[in-house]
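Colleague: build the 3D model from these lines:
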Amino acid sequence: MNLLIRSSPRNPGKFSVCAVAVLAAWTAVFLPSPVQSQSRNSPSEEFLSVPGEIGGAGGRLVVSLRAEPKTLNPLIAGDAPSRQAIGAMQADLIHINRATQLTEPALAKSWTVSKDGLLYTIKLRQGLRFSDGHPLDADDVLFSFQLYLDENVHAPQRDLLIVGGKPIVVRKVDSQTLSFELAKPYGAQERLFDGLAILPKHLLEQPYKQGKLDQQWPLSVAAAQIAGLGPYRLKEYVAGQRLVLERNPYYWKMDVKGTRLPYLDEIDFLFVPSADAEAIRFQSGETDIIGISRVAADSFSTLSRQSRGYTMSDAGPGLEYNFLFFNLNDLGTKVSADLARKQKWFASAKFRQAVSLAIDRQAIVRLVYQGRGVALWGPVTPGNKRWQNTSLNNSARSVEAARNLLSAAGFSWKKDSSGEPSLVDSSGAPVEFSIVTSSSNAERSKMATLIQDDLKQLGMHVQVVPLEFRSLLDRVLQSKEYDACVLGVANYDADPNSDINVWLSSGGSHFWNLGQLKPSTPWEAEIDQLMEKQLASRTFDERKHFYDRIQEIIRENQPLIFLASPDILSGAKNTIGNFHPAILEPYVLWNVEQLYLRAASGGSHP
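Modeller: Below you'll find the predicted structure:
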């Protein structure tokens, strides 16, 4: 939720006639056929036929991860490398196609929704098997949701399954059918099910009963002790070097010619220490694809200039937003006198508005992203046209306007020891604070430095403090010992509910004031109410009305000061077929089951 903090599901946008035609074309290429085909592989298996470029079987794909995954367990995975590996090994009931941003059948071959929107009935496709050959039925689905909803498991997905303040009630109807009952209608509808891996009861029930779920499926797990429903399964792990996945022989998708997917025999995830090392390996031909974690703009430019046998791709603005925020946590008696004084400044909306006005966002786009990005004033990026509140004007940078706001808030200026004007509060104390950010994320470190320079023009003395990522998380989420921070969020879906943990006052990613039992301000209370209303609304227009107002409140109060969003940059060897980067995560492996090697299949270059 590097904090790239992640969230969950997504939606398409309002389009012009031309854009509708483009979306229709994308849908024709990428949206799986609703026809449930009986494969020649087994008459009892109901396959999902997916359109796309026809590939050939065989070969190995080598990709890089900028860090070693922490786990292969979906119930505890919080880091991006773990989620990338897990995504290739697991599957969900209903899936959001990352190219079309539309929902599509997955393990569920069909579903119905009651007229009141409270009851979803899902039918599983016949003949499904886990990657170890064990049959899947409704008991596995029931068990999986039991794990996600159990408070003692602490699954990060649990918050998404609380609708109307109550957990979803899951019931088994028969061996292939389940019902999901909601306390209130859910505005995002079946997008709720995206990203919830269905787990094997036969492997995890005993550890669950023993309270040992969090110990299951480390990277060192024996291949026979882990199973999923994704296109690949575990083959080998070499500590500090690589994670190798092999083709799942029981996978349930096929191409339009009836060939069981995936095409590739293996995926080899190499662990590399940095973005620079990743670019060097790709350029030298050691890896086949770059961009699992999004290529940095400087690396993209270098690779584009020196392209030999590969093609770089700019998919445009994604859904990632980067932001600055201040520590407004209620620390009670634990708060130091120094932080208590600073929190009085930070609590002023005029102070936060002044900081926002002083930041040169265009310089951030130019210097951090080399122009391959967009300036932001709110959480909805230009990549998410459907949900953007276009009535809001983006305030041009104005140091003068920022100074006027600070004066109105009781601040003033006096000469410091060097003769420069220094901002002081009403008690005469100089305005000095630090900004923490991840030392491993060069882009956010650069943003923090640019902000430091911008705020100097207001007479603020800002220190940038790079921290190792785990230390940063501990400061922000646990000890709360910091003044301000630059972080980023990348959503899995364009739908507002993907950000629910950020905007609800009780949310686990409500960064500026975590762990609130009730809203600490009237505007946070209003956001809570509006998020609940849009969540329960049945029509897009109603939901959009509520979310537009949420964006207005965020703009007025600036709990997060939005900075910029990068374009989604990636690249692949020209021998990789079906490579179609998306702006939704996972950017380049969303259709991993359809990727293939043209050399292996005897195909030609495009």
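Colleague: in this structure, what helix or strand scores lowest on average pLDDT?
Modeller: Using mean pLDDT, DSSP states H and E, the weakest-scoring helix or strand in the chain turns out to be helix 17-30, at a mean of 35.
Colleague: which stretches in the stretch 1-150 of the chain count as strands?
Modeller: All strands of the stretch 1-150 of the chain, identified by DSSP state E, counting those that start in this stretch, fall at 4-6, 36-38, 46-50, 60-65, 94-96, 103-105, 108-113, 119-124.
Colleague: please identify the deepest-packed of those.
Modeller: Greatest average neighbour count among the strands of the stretch 1-150 of the chain goes to strand 94-96 (a mean of 24), per mean count of other C-beta atoms under 10 Å. The C-beta positions use only the backbone N, C-alpha and C, and glycine is treated the same way.
Colleague: so what does that one touch, helix or strand wise?
Modeller: strand 103-105 (3 or more C-beta pairs under 8 Å, 6 or more residues apart in numbering; DSSP states H and E).
Colleague: in its sheet, which strands sit next to the strand it packs on, and in what direction?
Modeller: strand 94-96 (antiparallel) (DSSP bridges).
Colleague: average pLDDT across the partner strand?
Modeller: Mean per-residue pLDDT for strand 94-96: 95.
Colleague: repeat that for stretch 458-465.
Modeller: For stretch 458-465, mean pLDDT is 97.
Colleague: what stretches of the stretch 351-500 of the chain score poorly on pLDDT?
Modeller: Within the stretch 351-500 of the chain, no range satisfies pLDDT under 70.
Colleague: what stretches of the protein score poorly on pLDDT?
Modeller: Across the chain, the ranges flagged by pLDDT under 70 are 1-43, 600-606.
Colleague: before we move on, the earlier item: next, format the strands of the stretch 1-150 of the chain as CSV and append distance to residue 460.
Modeller: Formatted as CSV, the strands of the stretch 1-150 of the chain follow (distance: least, C-beta to C-beta, whole Å):
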stretch, distance to residue 460
strand 4-6, 26
strand 36-38, 62
strand 46-50, 54
strand 60-65, 38
strand 94-96, 42
strand 103-105, 47
strand 108-113, 53
strand 119-124, 52
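Colleague: quick one: closest of the ones you listed to residue 464.
Modeller: strand 4-6 (19.2 Å; C-beta to C-beta).
Colleague: what residues sit buried inside stretch 193-210?
Modeller: If you call a residue buried by 16 or more other C-beta atoms under 10 Å, then stretch 193-210 has these buried ones: 193-201, 203-205, 208.
Colleague: end to end, how far does that stretch reach?
Modeller: 27 Å (C-alpha to C-alpha, to the nearest Å).
Colleague: distance from it to the middle of the chain?
Modeller: How far stretch 193-210 lies from its chain's middle: 23 Å, per C-alpha atoms, centre = their mean, to the nearest Å.
Colleague: now do stretch 274-284
Modeller: So, by C-alpha atoms, centre = their mean, the centroid of stretch 274-284 is 23 Å from its chain's centroid.
Colleague: contacts for that stretch next, please.
Modeller: Under the criterion C-beta atoms under 8 Å, 6 or more residues apart in numbering, residues 64, 66, 270, 272, 287, 289-290, 293, 295-296, 299, 302-303, 306, 310, 440, 442, 571 lie in contact with stretch 274-284.
Colleague: how close does residue 279 get to residue 319?
Modeller: 24 Å (C-beta to C-beta, to the nearest Å).
Colleague: helices along the stretch 51-200 of the chain, start to end?
Modeller: 80-87, 138-149 (DSSP state H, counting those that start in this stretch).
Colleague: hmm, who's touching the last one?
Modeller: Helix 138-149 is touched from outside by 75, 93, 107, 122, 124, 153, 155, 157-158, 161, 167-168, 170-178, 196-201, 204-205, 208, 213, with contacts defined as C-beta under 8 Å, 6+ apart.
Colleague: domain-wise, how is this protein divided?
Modeller: For the chain, automatic domain parsing gives the domain ranges 2-317+568-597, 321-566.
Colleague: how far away from the center of its chain is the top helix by length along the chain?
Modeller: Looking across the chain with DSSP state H, the single longest helix is helix 540-557. Mean-position distance between helix 540-557 and its chain equals 21 Å (C-alpha atoms, centre = their mean).
Colleague: in that helix, which residues are buried?
Modeller: Residues 543, 544, 546, 547, 548, 549, 550, 551, 553, 554, 555, 557 are the ones in helix 540-557 that count as buried (16+ other C-beta under 10 Å).
Colleague: in TSV: those, plus distance to residue 524.
Modeller: Shown next, in TSV, are the buried residues of helix 540-557 (distance: C-beta to C-beta, whole Å):
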residue	distance to residue 524
543	20
544	21
546	15
547	16
548	18
549	14
550	11
551	15
553	9
554	10
555	14
557	8
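Colleague: just the closest of those residues to residue 496, please.
Modeller: Among the buried residues of helix 540-557, residue 547 lies closest to residue 496 (C-beta to C-beta), at 4.9 Å.
Colleague: residue 378 versus that closest one, what's the distance?
Modeller: According to C-beta to C-beta, residue 547 stands 11 Å off from residue 378.
Colleague: what touches both of the two?
Modeller: The contact sets of residue 547 and residue 378 overlap at residue 389 (C-beta under 8 Å, 6+ apart).
Colleague: what number of residues lie near residue 274?
Modeller: Residues lying near residue 274 (other C-beta atoms under 10 Å) number 12.
Colleague: actually residue 115, sorry about that
Modeller: By other C-beta under 10 Å, 6 other residues sit near residue 115.
Colleague: next, the buried residues of stretch 386-401.
Modeller: 386, 387, 388, 389, 397.
Colleague: which of the residues you listed lies closest to residue 339?
Modeller: Set against residue 339, the nearest of the buried residues of stretch 386-401 by C-beta to C-beta is residue 397 (28.6 Å).
Colleague: didn't that closest one look like it was pressed against residue 358?
Modeller: Yes. Counting by C-beta atoms under 8 Å, residue 397 touches residue 358, with 7.1 Å between them.
Colleague: show me where the stretch 451-600 of the chain has helices.
Modeller: 469-473, 500-503, 522-536, 540-557, 598-601.
Colleague: re earlier: of all the strands of the stretch 1-150 of the chain, which lies closest to residue 501?
Modeller: Shortest distance between residue 501 and the strands of the stretch 1-150 of the chain, using C-beta to C-beta, is found for strand 4-6: 8.5 Å.
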